[in-house]
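> One predicted model, sequence on top.
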Amino acid sequence: MSALVRTIQQASRRHEEEFIRRYDFLFSRCLQLTKQKHVAEDLLHDGFVQFTINRPDLGSIEDLDGYLCRLLRNLYYARLRLATWSPKNNLSLIDYDSAAMALRSRDCGAEIHVQQELLRICRYAFIRRATWQEGLRTNSSVLPRLLSF
């Protein structure tokens with residue numbers, strides 16, 4: 001086994017041990033936030049996974065208890081935001097891996113209605129223009145498309 005793999009395993013083990021040592025304290029803080037035991041347990045487990053996967057530098061953290069409490073609080077608020085998210089609210093790319101995913105999840109019914117209404121207005125304006133006759137003479141395929149709507 002390479003030295004790099006051993007170093008990674010030791011760092012991961014240290015993060016796990018630090019979190020587990022504070023498990024009861026962190027669980028009580030999660031319970032204060034959520035007011036429900038099963039939600040607090042889920043939140044604590046999510047925090048454990050995030051802490052052990054991301055492995056922040058423990059030497060640079062002055063107050064590990066405070067750091068872990070903030071981590072759990074931020075996870076909780078992120079869950080609340082996702083639970084109350086509605087496609088009618090403003091679109092936040094932070095909640096998605098890519099802009100394409102965010103746009104696919106957006107309910108575009110209102111936007112399509114607005115686009116159709118604008119299309120009707122533009123067609124009406126084009127019909128009313130003084131150059132309507134000239135447009136028909138230069139492009140005879142315009143009339144069937146305009147009147148088909």
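Ah, there it is.
> drop to CA atoms for contacts and neighbour counts, all remaining ones
Fine.
> neighbours around H113, how many?
As a burial measure, H113 scores 11 neighbours (other CA atoms under 10 Å).
> What of the one 3 residues further on?
As a burial measure, Q116 scores 13 neighbours (other CA under 10 Å).
> which ones are touching it?
Applying CA atoms under 8 Å, 6 or more residues apart in numbering to Q116 gives no contacts.
> Could you check how far it is from A78?
36 Å (CA to CA, to the nearest Å).
> what secondary structure does E62 sit in?
Taking DSSP: H, G, I helix; E, B strand; the rest coil as the rule, one finds E62 in the coil state.
> wait, what's in contact with it?
Contacts of E62 (CA under 8 Å, 6+ apart): none.
> Phi and psi next, for it.
Main-chain dihedrals, E62, degrees, to the nearest 10: phi -80, psi -40.
> low-scoring stretches of the protein, by residue?
1-11, 85-110, 124-149 (pLDDT under 70).
> domain ranges for it?
3-87, 109-147 (automatic domain parsing).
> quick one: which helix or strand includes R120?
helix 109-128 (DSSP states H and E).
> Break down this protein into its helices, ranges please.
Using DSSP state H, the helices of the chain run over 3-21, 23-34, 37-54, 64-83, 99-105, 109-128, 132-138, 142-147.
> Residues contacting the third one, please?
Outside of helix 37-54, the residues within contact range by CA under 8 Å, 6+ apart are 12, 15-16, 19, 26-27, 30-31, 33-34, 68, 71-72, 75-76.
> ends of stretch 48-60, how far apart?
For stretch 48-60, the end-to-end distance is 19 Å (CA to CA).
> For that stretch, list every residue counted as buried.
F48, F51, T52 (16 or more other CA atoms under 10 Å).
> of all the residues you listed, which comes closest to L64?
F51 (11.2 Å; CA to CA).
> Could you measure from E17 over to C122?
Taken as CA to CA, the span from E17 to C122 is 66 Å.
> Please apply the same query to Q116.
Relative to C122, and taking CA to CA, Q116 is found at 10 Å.
> and what of L68?
57 Å.
> Give me the more crowded residue out of these two.
Using other CA under 10 Å, the more surrounded residue of L68 and C122 is L68, with 18 against 12.
> Next, the contact list for that one, please.
L26, G47.
> likewise the one 5 residues further on?
With contacts defined as CA under 8 Å, 6+ apart, R73 is in contact with C30, L33.
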